[in-house]
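**Q** A predicted structure for the sequence below; I have some questions about it.
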Amino acid sequence: MTRAAVVGAGTMGNGIAHVFAQHGWEVSLVDSAPAALEKATATIRSNLDRQVKKGAIPPGAPAEVLGRVTTGTSLESAAGAELVIEAASEDPAVKFSLFEQLDRIAAPGAILATNTSSISITEIAARTARPDRVIGMHFMNPVPVMQLVEVIRGHATSDATTSEVMDTARALGKVPVEVHDYPGFVSNRVLMPMINEAIFCVMEGVATPEAIDTVMKLGMAHPMGPLALADFIGLDVCLAILDVLQRGLGDDKYRACPLLRRMVAAGALGKKAGRGFYDYPSP
Ligand code: NAD
């Protein structure tokens with residue numbers, strides 16, 4: 001496979017387009033918002049320039065890589081792709097509608113992958129006539145830097161689709177890990193309860209956010225404490241994923257901490273809002 005379409009050009013979409021184009025793929029990057037496409041192109045350019053400064057890629061590479069990325073607002077440009085990676089907003093209605101359209105537009109044998117963090121791959125696949133060719137390809141943020149791709153098999157995903165996607169991830173220089181489609185997959189099912197417990201510790205006055213993060217960094221060798229990580233992910237995103245875990249697994253051990261709910265209601269969403277467990281002065 002050498003032709004990809006990436007749908008959604010936000011934080012994740014631009015990074016996914018970057019990595020595919022850097023590894024020789026022709027990439028069609030689609031977003032319904034023209035401004036998102038402009039911003040994505042600028043971000044890819046500046047990230048490639050940073051790679052040149054670090055000596056990771058030669059000086060001529062950015063122009064070559066950007067030359068392989070075409071942008072547009074019409075989903076029709078996914079027609080020529082062998083692999084489509086959907087990285088649009090984390091909203092089931094948006095993803096269901098996109099997969100219904102992509103199933104009509106994309107070539108019959110094309111693989112339709114989603115970068116969703118928490119929506120069921122099986123439910124997304126059921127919106128198409130090719131559930132065996134639908135799979136989760138969960139990249140981590142920032143995509144050009146993070147090694148992991150969580151490859152999620154829906155109920156009907158075929159072995160052939162899974163192995164093509166695992167091979168593709170390896171060819172992109174990533175490490176794929178195969179998991180099955182249950183709420184939160186592995187990454188968020190393990191991460192979010194830890195973040196939630198750290199928030200309970202703040203609420204109960206067990207320790208300050210700085211102290212909790214220091215315990216986890218120095219005591220458990222985590223590169224980032226759970227509360228700093230929650231701020232980075234976005235507290236609204238953490239809350240939404242905990243709700244998915246609690247509903248999907250039917251177990252109150254995933255109940256979101258009331259302090260998390262209160263902070264989201266107050267707009268203290270973490271880094272993107274300038275305040276969360278820590279303050280982030282505007283740049
Ligand atoms: P984002 O909000 O930065 O970008 C989403 C983009 O999708 C926007 O540019 C928006 O204009 C576009 N979009 C929305 N509806 C569309 C449509 N119908 N057609 C075309 N484009 C559309 O979001 P993000 O953080 O990049 O997340 C994208 C996906 O990746 C989500 O499913 C999210 O759960 C997942 N994800 C995010 C992270 C993260 O750290 N941000 C990590 C892993 C996975």
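**A** Arrived safely, thanks for sending.
**Q** Tell me the residue of the stretch 1-150 of the chain that sits nearest the ligand?
**A** G10 (1.8 Å; CB to the nearest ligand atom). Yep, even glycine has a C-beta here, placed from its N, CA and C like the rest.
**Q** That should have said the stretch 151-283 of the chain, apologies.
**A** Closest point on the stretch 151-283 of the chain to the ligand, by CB to the nearest ligand atom, is I233, at 5.9 Å.
**Q** Now do the helix or strand A42 falls within: everything it contacts.
**A** Assigned by DSSP states H and E, A42 falls within helix 34-53. Helix 34-53 has contacts (CB atoms under 8 Å, 6 or more residues apart in numbering) with 9-10, 13-15, 17-18, 21-22, 29, 31, 57-59, 61-62, 65-66, 69, 71-73, 144.
**Q** how about 10 Å then?
**A** Defining contact as CB atoms under 10 Å, 6 or more residues apart in numbering, one finds that helix 34-53 is touched by 6, 8-11, 13-15, 17-19, 21-22, 27, 29-31, 33, 56-66, 69, 71-73, 88, 142-145.
**Q** In helices only, show me those residues.
**A** 11, 13-15, 17-19, 21-22, 61-66 (DSSP state H).
**Q** Between these, which sits nearest T208?
**A** Of all the ones in helices among the contacts of helix 34-53, T208 sits closest to T11, with 29.2 Å by CB to CB.
**Q** For the closest one, which residues are in contact?
**A** A40, T43, A87, N141, P142, V143, K272.
**Q** Return the set of buried residues in the one helix or strand V179 maps to.
**A** Counting by DSSP H and E, the element that carries V179 is strand 175-180. Judged by neighbour count using 16 or more other CB atoms under 10 Å, the buried positions of strand 175-180 are P176, V177, V179.
**Q** overlap between the contacts of T11 and the residues near the ligand?
**A** Among the contacts of T11, the ones lying near the ligand by CB under 6 Å from any ligand atom are A87, N141.
**Q** CSV for the contacts of T11, including pLDDT?
**A** Formatted as CSV, those follow (pLDDT from 0 to 100):
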residue, pLDDT
A40, 97
T43, 97
A87, 98
N141, 92
P142, 94
V143, 97
K272, 91
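**Q** Can you flag which of the contacts of T11 belong to strands?
**A** Assigned to strands by DSSP state E, none of the contacts of T11 qualify.
**Q** Show the buried residues in the contacts of T11.
**A** Using 16+ other CB under 10 Å, the buried ones in the contacts of T11 are A40, T43, A87, V143, K272.
**Q** Looking at the residues you listed, spot the one nearest R247.
**A** Nearest to R247 among those, with distances taken as CB to CB, is A87, at 23.5 Å.
**Q** got the contact list for the closest one?
**A** A87 touches 6-17, 29, 31, 113-116, 137, 139, 143, counting by CB under 10 Å, 6+ apart.
**Q** how about 6 Å then?
**A** When contacts are counted by CB atoms under 6 Å, 6 or more residues apart in numbering, A87 touches G8, M12, G13, I16, N115.
**Q** Among the residues you listed, list the two that are farthest apart in space.
**A** Maximum pairwise distance among the contacts of A87 (CB to CB): 8.8 Å, between G8 and I16.
**Q** the strands in the chain, which residues?
**A** 3-7, 26-30, 69-72, 83-86, 111-114, 134-139, 148-153, 175-180.
**Q** hang on, the earlier thing: just the buried residues from the contacts of helix 34-53, in ChimeraX please.
**A** To isolate the buried ones among those in ChimeraX, judged by 16+ other CB under 10 Å, type:
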select :6,8,9,10,13,14,15,17,18,19,21,22,27,29,30,31,57,62,65,66,69,71,88,143,144
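**Q** near the ligand, which residues of the chain?
**A** So the chain meets the ligand at 7-13, 30-33, 36, 87-90, 94, 98, 115-117, 138, 141, 233 (CB under 6 Å from any ligand atom).
**Q** if you set the cut-off to 8 Å instead, what comes out?
**A** 7-14, 30-33, 36, 40, 73, 75, 86-91, 94-95, 97-98, 114-119, 138-141, 233-234, 237 (CB under 8 Å from any ligand atom).
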